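J.: need a structure here:
(2 chains)
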Amino acid sequence: MIGETPEEYRARQVETARLMKLRLARPEDAIRKRQRERSFITAALLAGFVVLVFMISVAKIKLNW
Amino acid sequence: MPPSLYDTRVTSLEATTPLTTAQLPADWRDLVALTKPRVMTLVVFTGLCGLLAAPVRLPFALAFTAILCIALGAGAAAALNQWYESDIDARMKRTANRPLPGGRMERQTALHFGVGLSAFSVVLMGLATNALAAAILALSILFYVFVYTVWLKRRTAQNIVIGGAAGAFPPLIGWAAATGDVTALPALLFAIIFLWTPPHFWALSLFIKSDYAAAGVPMLPVVSGFTTTRRHIALYTVPMIVAAIAPWPLGLTGAIYGISAIMLNAIFALLALRVLANRADDPAAMKPEKQLFTYSILYLFALFGALVADRLMVIGG
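T.: Sure, this is the predicted structure:
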């Protein structure tokens, strides 16, 4: 900033870095990370379930043919 | 000088209460841990053996679904068990790091997970195979949760004698899924695991007695002492051996199973006798107990493996 001494500039840089670190460690981020992981797993399990139901149906149709 | 925008943000962020792990949505790894995957291995294996020993061959998709449902049902029962026993688990070294006592999950999450998984496994089993297999699966989950966990475990030293039935259902479910009925052989498979459970668990409880005592669980060594427990191990080994060998003279299996069963049971009996002869009170000196516990797991895998090999030879031949 205009009129800032080198010490003030340095202090501002350190403070900004600290704030960015704090922002990264927000609880909301941890929650979002967990939710994202769980959505991927749920999606994969659902896809697996759909395939399984399809295979069960085919096997049952063949059994009763 | 008035406070800058940065100052305000710093204050509000620093005032935020740090989130505890239990307040986060449960980690999927902890949900998996809740199903006791290591215990599930034995359940799935015996269920698969029941399915393969049956005289009817199911299409792969249906057989896979049946085994999956047995695994999910076992996992659901384990989750409900941990939901109910989180207080005991917190007091035992062996279980203190499980998701609930470890503070990594809310109790309600475990309850919802367990109930949901139970219902899903039973319904899927019914849809994929038949009503009898689904009914036995439901019975095994209910038995483990209500009879063993809620009713017996904290009340009597006979908890695992009766509660052992819960772990004996998988081969019965596997057989019922394939055939739609239950005959003498699956009933004997049930009896083998039912009678195997007490010596197996009592051997373990001898060398972790202090853990059970600290948690207030009335396991036999805690209630009646080491000598009585060792006698009980030897006593319960006798009917287990009879049940394990019986399928051969009854003509339900061939010589592969019969000879394997005799050899495996001879070693079991020998180890049980060594436990009976041991007088140690110190877990460090309980080598025979540890050997029996480890061997008992191997024994069940080998016995059921021999049964499947034998039956496949008979059915194939």
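J.: who are the packing partners of the longest helix belonging to chain A?
T.: For chain A, the helix with the greatest residue count under DSSP state H is helix A:27-63. Packing partners of helix A:27-63 (3 or more CB pairs under 8 Å, 6 or more residues apart in numbering or on different chains; DSSP states H and E): helix B:28-34, helix B:60-84. From N, CA and C alone the C-beta is placed, and that goes for glycine too.
J.: give me the angle between that helix and helix B:60-84.
T.: Here the directions of helix A:27-63 and helix B:60-84 differ by 140 degrees (axes from the mean of the first three to the mean of the last three CA atoms, to 10 degrees).
J.: buried ones in helix A:27-63?
T.: When burial is assessed from 16 or more other CB atoms under 10 Å in any protein chain shown, helix A:27-63 yields the following buried residues: A:52, A:55-56, A:59-60.
J.: so, low pLDDT: which residues of chain A?
T.: A:1, A:21-25 (pLDDT under 70).
J.: most distant residue from the centre of it?
T.: Of all residues in chain A, A:Trp65 sits farthest from the chain's C-alpha centroid, using CA atoms, centre = their mean; the distance is 46.5 Å.
J.: helices or strands up against whichever strand or helix holds B:Pro186?
T.: Of the helices and strands defined by DSSP states H and E, B:Pro186 is found in helix B:184-207. Contact analysis of helix B:184-207 by 3+ CB pairs under 8 Å, 6+ apart lists helix B:37-53, helix B:159-179, helix B:220-224, helix B:226-245, helix B:255-277, helix B:287-316 as its packing neighbours.
J.: hmm, 7 Å instead?
T.: Under the contact criterion of 3 or more CB pairs under 7 Å, 6 or more residues apart in numbering or on different chains; DSSP states H and E, helix B:184-207 touches helix B:37-53, helix B:159-179, helix B:220-224, helix B:226-245, helix B:287-316.
J.: average pLDDT across it?
T.: In this model, helix B:184-207 has an average pLDDT of 96.
J.: stretch B:92-104 too?
T.: Averaged over stretch B:92-104, pLDDT sits at 90.
J.: returning to what we had before: need the helices and strands packed on helix B:184-207 in TSV (columns: mean neighbour count, mean pLDDT and distance to B:Leu132).
T.: Shown next, in TSV, are the helices and strands packed on helix B:184-207 (neighbours: other CB atoms under 10 Å in any protein chain shown; pLDDT from 0 to 100; distance: least, CB to CB, whole Å):
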stretch	mean neighbour count	mean pLDDT	distance to B:Leu132
helix B:37-53	21	94	13
helix B:159-179	25	94	5
helix B:220-224	20	95	34
helix B:226-245	19	97	23
helix B:287-316	18	92	20
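J.: what about those helices, which gets the closest to chain A?
T.: Across these, chain A has its closest neighbour in helix B:159-179 (12.3 Å, CB to the nearest CB).
J.: for the closest one, list the C-alpha coordinates in PDB.
T.: What follows is helix B:159-179, C-alpha atoms only, in PDB (Å, rounded to 0.1, in the frame of the first residue of the first chain):
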ATOM      1  CA  ASN B 159     -23.200 -65.500  27.100                       C
ATOM      2  CA  ILE B 160     -21.100 -67.000  24.300                       C
ATOM      3  CA  VAL B 161     -22.500 -70.500  24.800                       C
ATOM      4  CA  ILE B 162     -26.000 -69.400  23.700                       C
ATOM      5  CA  GLY B 163     -24.900 -66.400  21.800                       C
ATOM      6  CA  GLY B 164     -22.600 -68.500  19.700                       C
ATOM      7  CA  ALA B 165     -25.700 -69.600  17.700                       C
ATOM      8  CA  ALA B 166     -25.700 -66.200  16.000                       C
ATOM      9  CA  GLY B 167     -22.300 -66.900  14.300                       C
ATOM     10  CA  ALA B 168     -23.500 -70.500  13.400                       C
ATOM     11  CA  PHE B 169     -26.200 -69.300  11.000                       C
ATOM     12  CA  PRO B 170     -24.200 -68.400   7.900                       C
ATOM     13  CA  PRO B 171     -23.700 -72.000   6.500                       C
ATOM     14  CA  LEU B 172     -27.400 -72.600   7.100                       C
ATOM     15  CA  ILE B 173     -28.200 -69.400   5.200                       C
ATOM     16  CA  GLY B 174     -25.900 -70.300   2.300                       C
ATOM     17  CA  TRP B 175     -27.500 -73.800   2.100                       C
ATOM     18  CA  ALA B 176     -31.000 -72.400   2.300                       C
ATOM     19  CA  ALA B 177     -30.300 -69.800  -0.400                       C
ATOM     20  CA  ALA B 178     -29.200 -72.600  -2.800                       C
ATOM     21  CA  THR B 179     -31.900 -75.200  -2.000                       C
END
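J.: quick one, it and helix B:226-245 angle?
T.: If you take the same axes, to 10 degrees, helix B:159-179 sits at 20 degrees to helix B:226-245.
J.: report all helices and strands that helix B:159-179 contacts.
T.: Counting contacts by 3+ CB pairs under 7 Å, 6+ apart, helix B:159-179 is packed against helix B:37-53, helix B:60-84, helix B:131-142, helix B:184-207.
J.: for that helix, which outside residues touch it?
T.: B:43, B:46-51, B:53-56, B:58, B:66, B:70, B:129-130, B:132-133, B:136-137, B:140, B:143-144, B:147-148, B:152-153, B:182, B:186, B:189-190, B:193-194, B:197-198, B:201 (CB atoms under 7 Å, 6 or more residues apart in numbering or on different chains).
J.: then stretch A:47-65?
T.: Under CB under 7 Å, 6+ apart, the answer for stretch A:47-65 is B:59, B:61-62, B:65, B:128.
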